[in-house]
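# my questions are about this predicted structure, shown below with the sequence.
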Amino acid sequence: MSTQDLVDAVGRLARPLRDDADLDPLMERIGDARVVLLGEASHGTSEFYTWRHRISRRLVEEKGFHFIAVEGDWPDCYLVNRYAKGLPSGGGTAREVLQAYSRWPTWMWANEEVVELAEWLRAHNARVPEERRAGFYGLDVYSLWDSMDVVTRYLERVDPALAERARNSYGCFDPYQQDVQEYAMATAIVPTDCEEEVVQILREMRAKGPDYEDTGREAFFNAEQNALVALNAERYYRTMVRGGAASWNVRDTHMIDTLERLLEHHGPDSKAIVWEHNTHVGDARATDMARAGMVNVGQLARERWGEQVVIAGFSSYAGSVIAGRSWGAPMQRMPVPEAREGSWEQIFHAAGAADKLVMVEELDEAEGGLDPRGHRAIGVVYNPEAERFGNYVSTVMPYRYDAMLYIDRSSALRPLHMRARDHREPADTFPSGM
């Protein structure tokens, strides 16, 4: 497969990536889009977070975007949302609030880069009317027990009778002692589960929603979302143990449904910024994920909102990253070796060893631009020595993204926690790290 023509095309399209003004071509491409998806090639690279912050800041200030939604747990992210909006009991500092991220991998959101984002959001929101304050929300599905706890505490305030029924229904999970691995394994062995219990509580909450209007629209929305998380988390863990694409699809469908709920909650003119891994935001139809029967947020967003969606991926040629050697292992600063020969990262490096912004949708006219090539993907679990055996997703770049922000030599982000708190061994019920 010849590469020089493709290298030359990347070189012609590339623009320097040094400061905020260099984002102008991306801002122009975004135009009046409603949903902007910002990826990352790892969950532990500083530049991916800082450039997403810079893009998000311009989108909020210049284009009136309403919130940032991330690949994080709803309850923990909602605490950041409260802090960013200056709400009562929102916390004293961003660093204090981010200590709430205690589930491994803590470094994904408990890091200095997110501290800077949260402090900027709070400062920005203090200068604008309440209805224009930018929010921060979590799209993910992992927080089964935390979300059930939020639902129960909310109902204790507004509907003690339903709170008691919720405690009884959620008690179905008590034998598993907040161990999702144990719950998932049990449902695989014995044909029984707690699905009907979580469905029933969500159904009753929605039926009685008008009765809770005095508690505030935002409070009910938060409680309802946690009930939805409980429902889909139960389904996710139950399907994960069975293998295949089903659990991935449960998770990404939950994330896109949550994004849609947030857009509806913020009104018909609302605009959203999404921070997630490239494997979630880059259109799955342009990768080998499609052959495996997997969908993702990028694909589903384009299917729901069409040209109102713009997707920007991130990548790097070499550097360092924060990750763990196995699921639940202590975080480490690891080297990222130079990218594999023939990969998209190697193509971008060969086009000039400098950071660059490339509007990759224009590569469709270049010779080799529509050829599938490996595109690096580092999860929370990473082994640099084994990278040549994996960590690359076959990708048709112009169809997967609209733009690519390429960092030639990247650096590890700065975690707030020195060590991960959960040191359980990996199991079939844990994701592979994206």
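Right, received. Where do you want to start?

# mind checking pLDDT for Arg325?
With respect to pLDDT, Arg325 scores 95.

# any idea what sits nearest it, other than its immediate chain neighbours?
Leaving aside its sequence neighbours, Arg325 sits nearest to Asn383 (Cβ to Cβ, 6 or more residues apart in numbering; 6.3 Å). Heads up, the C-betas are built off the backbone N, CA and C, glycines and all.

# now the one you found: how far from Arg285?
From Asn383 across to Arg285, the span is 29 Å (Cβ to Cβ, to the nearest Å).

# how many residues are close by Gly374?
19 (other Cβ atoms under 10 Å).

# so what's it up against?
Residues near Gly374 by Cβ atoms under 8 Å, 6 or more residues apart in numbering: 340, 342-344, 392-395.

# for the closest residue to it other than its chain neighbours, which residues are in contact?
Closest residue in space to Gly374, ignoring its immediate chain neighbours: Tyr392 at 3.3 Å, by Cβ to Cβ, 6+ apart. With contact set as Cβ under 8 Å, 6+ apart, Tyr392 has these partners: 340, 343, 374-377.

# repeat for Asp211
Asp211 is in contact with 158-159, counting by Cβ under 8 Å, 6+ apart.

# over to the one 4 residues further on?
With contacts taken as Cβ under 8 Å, 6+ apart, Thr215 has the following neighbours: 154, 157-158.

# the residue nearest to Arg325: neighbour count?
14.

# same thing with the one 5 residues further on?
Counted with other Cβ under 10 Å, residues neighbouring Arg388 total 11.

# and what of Ser411?
18.

# wait, isn't it in contact with Glu47?
Yes: using Cβ atoms under 8 Å, Ser411 is in contact with Glu47, at 6.7 Å.

# related to what we said a few turns ago, just give me the closest of the contacts of Gly374 to Val10.
Trp344 (9.2 Å; Cβ to Cβ).

# residues near the closest one, how many?
So Trp344, with other Cβ under 10 Å, has 27 neighbours.

# Met240 too?
So Met240, with other Cβ under 10 Å, has 23 neighbours.

# what ranges do the helices span in the stretch 251-400 of the chain?
278-281, 297-305, 344-350, 397-400 (DSSP state H, counting those that start in this stretch).

# what mean pLDDT would you report for the third one?
In this model, helix 344-350 carries a mean pLDDT of 97.

# packing partners for the lowest-mean-pLDDT helix or strand in the chain?
For the chain, the helix or strand with the lowest mean confidence is helix 180-189, at a mean of 77 (criterion: mean pLDDT, DSSP states H and E). Packed against helix 180-189 by the contact rule (3 or more Cβ pairs under 8 Å, 6 or more residues apart in numbering; DSSP states H and E) you find helix 217-240.

# so how far is the helix it packs on from its chain's centroid?
Relative to its chain's centre, helix 217-240 lies at 16 Å (Cα atoms, centre = their mean, to the nearest Å).

# direction-wise, compare it with helix 180-189 and give the angle.
60 degrees (axes from the mean of the first three to the mean of the last three Cα atoms, to 10 degrees).
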